[in-house]
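Asks: pasting a predicted model and its sequence here:
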Amino acid sequence: MNALWNEALALWRGRGLAWVLIRREIASRHTGTALGIAWPYLQPLLTVAAYYLVFDVVFGMRLGEHAPTRAVGAFLVVGALPWMAFCDAVSRGMNSLIDAGGLLQKNPLPPVLFVTRSVLASALIYGPLLLLVALAYIPSHGLQPAVLALLPLLALQVLLCLVLAYVLAILAAALRDTVQVVGFLLSVGIYLTPILFPLSMFPESWRWVLWLNPMTGLVQGYQQVLLQGAWPPLSVWWVSLAWLAGGAIVLNALVRRSRDQLVDWL
């Protein structure tokens with residue numbers, strides 16, 4: 001894992017520049033808008049509010065007996081917001097090297113800075129929103145110690161997004177078709193994650209398909225904490241760590257093999 005360790009060292013040495021890039025990335029998302037900095041936060045909040053309004057207030061839809069909660073809208077919000085955060089971080093991180101191609105060709109900057117910029121900018125937008133939603137759900141089960149599990153879950157999601165985004169950014173630099181394929185997978189991935197339905201409603205013989213989605217374990221973890229006030233089961237941690245470890249191994253190999261050609265691809 002020497003290549004990955006060198007990338008981590010480069011990121012640490014350039015942490016000052018990374019912070020400047022992150023601030024500029026966040027600022028670029030609301031430049032020229034009337035609402036300013038509130039706009040990046042308002043968009044996802046309005047989306048999840050629409051879920052709650054339509055499914056819980058207007059239609060009053062309810063899930064089955066084995067679901068973590070009966071209210072459909074409340075169930076959707078817990079999974080949809082982390083999924084939106086995942087899609088935003090991965091898609092922006094995947095395109096980060098292509099967008100910074102001209103700069104990388106003129107300056108010997110570590111490519112990891114630009115992937116990190118996109119992923120952490122998304123984390124700084126969606127992270128506070130997830131904590132805000134957590135505060136809204138606490139009254140339903142009381143302030144249980146399991147709420148503390150949100151912090152490692154959020155940390156795992158950020159690390160997973162960073163690793164996957166860097167892998168995809170290198171692949172996208174080598175083959176632009178990667179952007180189209182991943183965009184499609186992200187658009188349909190919500191149907192292969194227990195976000196629109198509880199895991200118990202999916203046919204048992206096909207549940208293994210859901211675990212091919214890297215967000216399945218994390219979504220289940222959020223549901224356990226926010227809907228039931230319970231500590232996520234070990235399967236959530238093992239699956240998420242397995243995805244993270246597998247992604248790190250692939251990333252290490254890609255960084256090592258693309259080191260000399262990456263700038264030329266861009």
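Replies: In hand now; what should we look at?

Asks: pLDDT weak spots in the stretch 151-266 of the chain?
Replies: In the predicted model of the stretch 151-266 of the chain, no residue satisfies pLDDT under 70.

Asks: please enumerate the helices of it.
Replies: 177-189, 207-210, 216-228, 234-258, 262-265 (DSSP state H, counting those that start in this stretch).

Asks: can I get the first one as CSV, trimmed to CA atoms?
Replies: Spelled out, that is helix 177-189. Once non-C-alpha atoms are left out, helix 177-189 reads as follows in CSV (Å, rounded to 0.1, in the frame of the first residue of the first chain):
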residue,chain,number,x,y,z
ASP,A,177,-17.1,6.3,-20.8
THR,A,178,-16.7,5.8,-17.1
VAL,A,179,-18.6,9.0,-16.4
GLN,A,180,-21.6,7.8,-18.4
VAL,A,181,-21.7,4.4,-16.9
VAL,A,182,-21.3,5.6,-13.3
GLY,A,183,-24.0,8.3,-13.8
PHE,A,184,-26.4,5.6,-14.9
LEU,A,185,-25.5,3.3,-11.9
LEU,A,186,-26.0,6.2,-9.5
SER,A,187,-29.4,7.0,-11.0
VAL,A,188,-30.7,3.4,-10.5
GLY,A,189,-28.7,2.6,-7.4
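
Asks: grab the most central residue of the chain for me.
Replies: F86 (2.0 Å; C-alpha atoms, centre = their mean).

Asks: from L162, how far out is it?
Replies: F86 is 11 Å from L162, where distance means C-beta to C-beta, to the nearest Å. Any C-beta I mention is one placed from the backbone N, CA and C, and that applies to glycine too.

Asks: again with L120
Replies: Going from L120 to L162 by C-beta to C-beta gives 8 Å.

Asks: the two: which has the busier surroundings?
Replies: Using other C-beta atoms under 10 Å as the criterion, L120 and L162 rank with L162 on top: 25 against 22.

Asks: okay, now D88: neighbour count?
Replies: Neighbours of D88 (other C-beta under 10 Å): 23.

Asks: report the contact partners of it.
Replies: S122, I125, Y126 (C-beta atoms under 8 Å, 6 or more residues apart in numbering).

Asks: so the second one is in which element?
Replies: The reference is to I125. For I125, the element it lies in under DSSP states H and E is helix 112-141.

Asks: rewinding a little: ok but the residue nearest to the centre of the chain is inside a helix, no?
Replies: Yes. Judged by DSSP: H, G, I helix; E, B strand; the rest coil, F86 forms part of a helix.

Asks: minimum distance to Q105: which of the helices of the stretch 151-266 of the chain has it?
Replies: Nearest of the helices of the stretch 151-266 of the chain to Q105, taken as C-beta to C-beta: helix 262-265 at 5.7 Å.

Asks: may I see the buried residues of the closest one?
Replies: The neighbour-count check on helix 262-265 (16 or more other C-beta atoms under 10 Å) flags L262, V263 as buried.

Asks: just how off-centre is it within its chain?
Replies: Here helix 262-265 is found 26 Å from its chain centre; the criterion is C-alpha atoms, centre = their mean, to the nearest Å.

Asks: ok, back up a step: mind putting the helices of the stretch 151-266 of the chain into CSV with distance to A74?
Replies: What follows is these, written out as CSV (distance: least, C-beta to C-beta, whole Å):
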stretch, distance to A74
helix 177-189, 22
helix 207-210, 21
helix 216-228, 7
helix 234-258, 20
helix 262-265, 44
